[in-house]
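Enquirer: Dropping a prediction and its sequence here:
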Amino acid sequence: MGRRSRKRSLREPHAAVPARRSRGEARNAEVRAQLRPLADDERPTALRVAVALAALLGVGNLVAFAAGLEVGGERPAFFGVALLSVLLLVAAGGMWRKRYWAVLGFQALVGITIVWAALALLVAGNLAAVAVSVAIVALGGWLFWKLVRIMSRIQVPRPANGREPGIR
């Protein structure tokens, strides 16, 4: 393959290019510097809402299956109901213990639900279906956005001395 004119010359294989930070990178660095890790007993409202929602949906699915609830005139497969319920209950427990993987996994489920509800608006046959879809998109969007900051606070490393930065 031939050498292109835009490539560095062979005489300067690793010419130093001065690093230039964009305004966005500077703003991101400023926001990261202001983040504080979650305290051991701190659970923001959005995290508590996510834990409660995951636990209620996990238990609710099992209860509905046991009660014989049918979806579209058919009884759902037990394996699918049990798998989703276990996934939601594990996510609830992990989020209560402030585990990043649990918040990320639940956030993925919330994102899929938002997309599903938005697509359901295309085929909504009555005002009640529109209202339910809009409510799911709005409330799910709020929860999704709030969980982003919680995930960033979970990832913030704790100081070695266990104190907040700047406290002596």
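Expert: Here it is on my side, so go on.

Enquirer: So which residue is dead centre in this structure?
Expert: Gln107 (2.8 Å; CA atoms, centre = their mean).

Enquirer: surely that residue meets Lys146?
Expert: No: using CB atoms under 8 Å, Gln107 is not in contact with Lys146, being 10.0 Å away. Heads up, the C-betas are built off the backbone N, CA and C, glycines and all.

Enquirer: what residue ranges in this structure are flagged as low confidence?
Expert: In the predicted model, the chain carries pLDDT under 70 at residues 1-21, 161-168.

Enquirer: how about 80 then?
Expert: Counting by pLDDT under 80, the ranges of the chain that qualify are 1-21, 28-34, 157-168.

Enquirer: can you give me the helices for it?
Expert: 23-34, 45-66, 78-96, 100-120, 127-155 (DSSP state H).

Enquirer: Take those helices and write them to CSV, including distance to Gly72.
Expert: Output for the helices of the chain, formatted as CSV (distance: least, CB to CB, whole Å):
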stretch, distance to Gly72
helix 23-34, 46
helix 45-66, 14
helix 78-96, 14
helix 100-120, 14
helix 127-155, 15
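
Enquirer: Identify the spatial nearest neighbour of the residue nearest to the centre of the chain, chain neighbours not counted.
Expert: Leu147 (5.0 Å; CB to CB, 6 or more residues apart in numbering).

Enquirer: List the residues that contact the one you found.
Expert: Applying CB atoms under 8 Å, 6 or more residues apart in numbering, we find Leu147 in contact with 46-47, 50, 103, 106-107, 110.

Enquirer: Farthest-apart pair in those, please.
Expert: Pairwise distances across the contacts of Leu147 peak at 12.8 Å for Leu47 and Val110 (criterion: CB to CB).

Enquirer: Excluding residues flanking it in the chain, which one is nearest Gln155?
Expert: Using CB to CB, 6+ apart, the closest residue to Gln155 is Tyr100 (6.2 Å).

Enquirer: what's the one you found in contact with, if anything?
Expert: By CB under 8 Å, 6+ apart, the neighbours of Tyr100 are 151, 154-155.

Enquirer: tally of neighbours for Val123?
Expert: 8 (other CB atoms under 10 Å).

Enquirer: how far away is it from Gly60?
Expert: 25 Å (CB to CB, to the nearest Å).

Enquirer: what do you get for Trp145?
Expert: Counting by CB to CB, the gap from Trp145 to Gly60 is 24 Å.
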